[in-house]
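> pasting a predicted model and its sequence here:
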2 protein chains.
Amino acid sequence: MAATLRDVARHAQVSLRTVNNVVSGYQHVSEQMRRKVQAAMEELDYRPNPVARTLRTGRSGVLALVVPEIDVPYFAELAREVINAADEVGYRVIVDQTGHDHDRERQLLTGADRSLLFDGLLFSPLVTPSELRAMQDGPAVPLVLLGEHDFDGRYDHVAIDNERAAYDAVQHLIGLGRERIAAIGVQPQETYTTPQQRTAGFRRAMTEAGLAVREPYLRAAAHYRRAAGYAAARDLLALPQPPDAIFCYADLLAMGAVRAVFDAGLSVPDDVAVIGIDDIDEGRYSRPTLSTVSLDTPHIAREAVKRVADRIDEPGQPALQITASHTVIARESTGGEVPIIHS
Amino acid sequence: MAATLRDVARHAQVSLRTVNNVVSGYQHVSEQMRRKVQAAMEELDYRPNPVARTLRTGRSGVLALVVPEIDVPYFAELAREVINAADEVGYRVIVDQTGHDHDRERQLLTGADRSLLFDGLLFSPLVTPSELRAMQDGPAVPLVLLGEHDFDGRYDHVAIDNERAAYDAVQHLIGLGRERIAAIGVQPQETYTTPQQRTAGFRRAMTEAGLAVREPYLRAAAHYRRAAGYAAARDLLALPQPPDAIFCYADLLAMGAVRAVFDAGLSVPDDVAVIGIDDIDEGRYSRPTLSTVSLDTPHIAREAVKRVADRIDEPGQPALQITASHTVIARESTGGEVPIIHS
DNA sequence: TTGTACGCGTTATCAA
DNA sequence: TTGATAACGCGTACAA
C-alpha cells in the first residue's frame, strides 16, 4: 500500500541512498537527480515511515505530557501551552492521564510502560517524593517535573514558589481585615509536596500577622475539583464559628467553595472572602469573579519544554530548578475591583 | 544501554526465539527455560522496544484523539472519557490539538503528517464537509468523526441529533413564556455543519411556536469560548429591543453570556434566560447554575472507541452513523429547580 | 519444543 | 556525487 524508499528508488531508477539524500535535504545532489526522485515520490505518494525512522535514529520527536486529570482546567490550559511551546521547537506532544494512579506514574517514570514512545517527559505528578527518590536508576528518559518543587534537586523542575504564593494569597486576605481564615486542599499525608508547601505559607502568613491557625479550619480535599471544594466549604460553614475567608489550593476548589457559601445563604465576599490559585479562565467570568494567584503558565510551559529539549540533546546536564513568578490578582471574590472583561 | 532480545538470549544461553516465546507468553515453553529466561530478563532489566515491535507488526496500539482546543472544557471532558474508554479495550490515546488550523486537520486526515503514529483516529473536526468530501482517497487510517454529523455517510461518526437538541433547548425557553429568543454561536459560513444544524433546530422551534426569528438575534461567535459569548450577549443587550432568552451553542458561550447579562445590570433568569449545550461540570456550580443539553459523553466516547477498534480489526466495514441521546436539563439559568449538588 | 534466517523501512558506513 | 550493504530490535515462517 504505502510506498517505501525502495519503491521510489526502483521507480526513479536510482539507488536507495540517493532517494534518502533527497528526502533528508542533503546538499550534494545533482539537480537532475533531485528532480527525477521528486517526480517519483510525487507519483507514488511517498511518505517517510516515522516508525522505521525512529527505530533507526532513536529519536521520535515526541514529548509526553503527563497529568493526573486532563479535564481539570488548569491541566487543560497547561496542556494547551505545552503543545504550543513544543510546536515552536519542533516537538509534538502526546498527553497522557494517570488518573491519580501511582502505579501508572511509576511505570511512566521507570520506563516500565514502553507502550508509548517519546524522547522526553513533562510530568505533573502526584507521585510521592519518596517514590521519586527511591528511583535510583533515574528516569528512563529525560524528565522535567512540573509543579512539584522539593525533590532534593535530583530532577529538573519548573514551578512557582508555592510557599510564597500561599503566603501572598493569605496576606491578601489578612489585608482585607479577615481574621478567621480557613484553607481547603490541605493534604495530611506527606505524599504531596505542593500542598505541604502551601500549608506552610499559610501558617507563616497567619503567624506573622499574629492570627491563630485553628486546626478545624484546615480542610483536606480528596481531589482538586469543584465537588471537593463545595463539600469542604459547606463543612466549614457549619462550624460553630465559621471562617470569614477561605484560601483554596486550587481555583477549582474555590469555585465549589463559592457556590457552597452562596447555598448557605451567605455572600462572597461580604461574609466570606475566597481566593484560589491557578488563574483559570473560568474565574474571570464567574460570579463573583475569582481572586487568585496567577502562574504565567505559558512561561512555565516554554521553560519546561526548553529544558527537556536541552536535556535530550545533552543528557549529562545537572538538574535545574526553575522558579516561575506568580502574581496575586484581586477580583470580586475578595472585594477587589470589578475587572474589565475584554471581548 | 537498553537490553534487547538478543542480549537476553545470550545471557540466558538460549535462542532468540525462545526468549520471544517467553515474552509473548507462548504456551509451549518448558518451565525450566521460562525461569532461566525470566531471570535473564530481570537481570538485564529488559523491556521490549515498542518501536521495533510496531515496525514489525504494523500496529502501535495507539489511538489519536484530535480536538480543536484541549482547554475548552467539553473537549477536555471528552478526552478524559476517550482515554478511559480506550484503556478498557487495550488502547492508549494521544491527544492532539489542531488550534482551528484547517491545514493541520487535513494533514492528519490524509496522513500527510506521519510524524505521529497511531492505528486509528477520533476526530472532532472543524474541517469543512466539502474538504472531507473532497478527500477521495479516504483517510489514511481508520477514522471516526465526533460531533459532526452530516457527511453523506462516507465516514463513521457518533454525535447527537444536533437539530433536535437545539429544537428541544429552544422549546424549553418557549415553554417558559419567552418570546424574544436569541442565539449565540451561529456560523454564517457553510463550513461547519453542527452550528448549521443547531440553527435549523432553533428556527423550527420558533416557527412551530409562531414566534418570529429576528435576524439581529442570530449572533456569530468567532470561537466557542467565554469571551465570545460575553461579547455577543453584550451586543444583544444593547439592541433597542433586547432578547428575553438566549440559546447558546455551547456551555462556554453561555457562561460568558450570563456574565454579560449580569454586567449589564440585569438578572438571569428573570430578565434573560440562558441555556447552553454540553453539560460541562462548570455549569453545575456556577451562579446561576446553567441549564443545558446534556450529551452523555462517556457513552459517545465508548461508542467511538469501539467503532475505531472494530474498523482497525476489520477495515472493510460500511460506515456507521451512531446517534447518541441528549437530555435538556433545567437549572437556575432558566428558572429551573435549584439542583441538589452532591458532595 | 527450540533454533535459524529473513523482513519491516530507515539511516549510516564504506567504497567507488 | 552515488551505489551497495549493514544495522536498528522485533516477530514469525520454516526447519530441526
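Ah, there it is. All of these numbers come straight from a predicted model, not from anything done at the bench. Numbers count the residues shown, from 1 in each chain, chains lettered A, B, ... in the order given.

> make it CA atoms for all contacts and neighbour counts henceforth
Fine.

> what about the spatially closest residue to A:L176 that is not a sequence neighbour, distance to B:V37?
Excluding its sequence neighbours, the residue lying closest to A:L176 (Cα to Cα, 6 or more residues apart in numbering or on different chains) is A:T334, at 7.8 Å. Distance, A:T334 to B:V37, by Cα to Cα, to the nearest Å: 64 Å.

> likewise A:V82?
For A:V82, the distance to B:V37 - Cα to Cα - is 41 Å.

> same thing with A:E314?
Taken as Cα to Cα, the span from A:E314 to B:V37 is 35 Å.

> mind checking which of the two has more residues around it?
Using other Cα atoms under 10 Å in any protein chain shown as the criterion, A:E314 and B:V37 rank with B:V37 on top: 26 against 10.

> element containing the more buried one?
Using DSSP states H and E, B:V37 sits in helix B:31-44.

> contacting residues around that helix?
Helix B:31-44 is contacted from outside by B:3, B:8-9, B:11-12, B:14, B:19, B:22, using Cα atoms under 8 Å, 6 or more residues apart in numbering or on different chains.

> which of those are buried?
Among these, those buried by neighbour count (16 or more other Cα atoms under 10 Å in any protein chain shown) are B:8-9, B:11-12, B:19, B:22.

> export those residues to JSON lines and tack on secondary structure, pLDDT and distance to B:Q187?
As requested, the buried ones among the contacts of helix B:31-44 are exported to JSON lines (DSSP: H, G, I helix; E, B strand; the rest coil; pLDDT from 0 to 100; distance: Cα to Cα, whole Å):
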{"residue": "B:V8", "secondary structure": "helix", "pLDDT": "89", "distance to B:Q187": "60"}
{"residue": "B:A9", "secondary structure": "helix", "pLDDT": "88", "distance to B:Q187": "62"}
{"residue": "B:H11", "secondary structure": "helix", "pLDDT": "88", "distance to B:Q187": "65"}
{"residue": "B:A12", "secondary structure": "helix", "pLDDT": "87", "distance to B:Q187": "66"}
{"residue": "B:V19", "secondary structure": "helix", "pLDDT": "88", "distance to B:Q187": "59"}
{"residue": "B:V22", "secondary structure": "helix", "pLDDT": "88", "distance to B:Q187": "58"}
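
> most widely separated two among those?
In these, two members sit farther apart than any others by Cα to Cα. They are B:H11 and B:V22, at 14.5 Å.

> can you tell me the closest non-neighbouring residue to whichever residue of the stretch 151-300 of chain A sits closest to DNA strand D?
At 25.4 Å from DNA strand D, A:Y155 is the closest residue in the stretch 151-300 of chain A, using Cα to the nearest atom of the strand. Excluding its sequence neighbours, the residue lying closest to A:Y155 (Cα to Cα, 6+ apart) is A:A319, at 5.1 Å.

> looking at the buried ones among the contacts of helix B:31-44, which is nearest B:G120?
For those, the nearest to B:G120 is B:V22 (29.1 Å; Cα to Cα).

> need the pLDDT of the nearest residue to that closest one once chain neighbours are set aside.
Excluding the flanking residues, the one nearest B:V22 by Cα to Cα, 6+ apart is B:R34, at 6.1 Å. pLDDT for B:R34: 86.

> can you check the one 5 residues further on too?
The per-residue pLDDT reported for B:A39 equals 88.

> could you do A:Q171 as well?
97.

> so how far is DNA strand C from it?
56 Å (Cα to the nearest atom of the strand, to the nearest Å).

> do the same with A:T297
34 Å.

> once you drop chain neighbours, what's closest to that residue?
Using Cα to Cα, 6+ apart, the closest residue to A:T297 is A:L78 (6.3 Å).

> near DNA strand C, which residues of the stretch 101-250 of chain A?
Contact residues, the stretch 101-250 of chain A versus DNA strand C (Cα under 7 Å from any atom of the strand): none.

> put the alpha carbons of stretch A:284-297 into PDB.
Coordinates of the C-alpha atoms in stretch A:284-297 are reproduced here as PDB (Å, rounded to 0.1, in the frame of the first residue of the first chain):
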ATOM      1  CA  ARG A 284     -12.600  35.700  35.100                       C
ATOM      2  CA  TYR A 285     -16.200  35.200  34.200                       C
ATOM      3  CA  SER A 286     -17.700  33.600  37.300                       C
ATOM      4  CA  ARG A 287     -20.000  35.400  39.700                       C
ATOM      5  CA  PRO A 288     -18.200  36.700  41.600                       C
ATOM      6  CA  THR A 289     -15.000  36.800  39.600                       C
ATOM      7  CA  LEU A 290     -12.400  34.800  41.400                       C
ATOM      8  CA  SER A 291      -9.400  36.300  43.200                       C
ATOM      9  CA  THR A 292      -6.400  34.100  42.600                       C
ATOM     10  CA  VAL A 293      -2.700  33.600  42.300                       C
ATOM     11  CA  SER A 294      -1.800  33.700  38.600                       C
ATOM     12  CA  LEU A 295       1.000  31.500  37.400                       C
ATOM     13  CA  ASP A 296       2.100  32.600  33.900                       C
ATOM     14  CA  THR A 297       1.500  29.100  32.500                       C
END
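
> I'd like the distance from that stretch to the chain centre, please.
17 Å (Cα atoms, centre = their mean, to the nearest Å).

> just the strands in the stretch 151-300 of chain A please.
A:156-160, A:181-186, A:218-220, A:245-248, A:273-275, A:292-294 (DSSP state E, counting those that start in this stretch).

> next, the buried residues of stretch A:247-254.
A:247-254.

> an error on my part: the question was meant for stretch A:295-312.
Judged by neighbour count (16+ other Cα under 10 Å), stretch A:295-312 contains these buried residues: A:295-309, A:311-312.

> partners of A:I275 in the sheet?
A:F247, A:S291 (DSSP bridges).

> number of residues surrounding it?
Applying other Cα under 10 Å, I find that A:I275 has 33 neighbouring residues.

> cool, A:T194 as well?
Neighbour tally, A:T194, other Cα under 10 Å: 22.

> surely it meets A:E148?
Yes. Counting by Cα atoms under 8 Å, A:T194 touches A:E148, with 5.7 Å between them.

> on that earlier part again, need the pLDDT of the residue nearest to A:T297.
pLDDT for A:L78: 97.

> return the residues of chain A in contact with DNA strand D.
For chain A, the contact set with DNA strand D under Cα under 7 Å from any atom of the strand comprises A:13-18, A:28-30, A:33, A:52, A:55-56.

> if you set the cut-off to 6 Å instead, what comes out?
A:14-18, A:28-30, A:33, A:55-56 (Cα under 6 Å from any atom of the strand).
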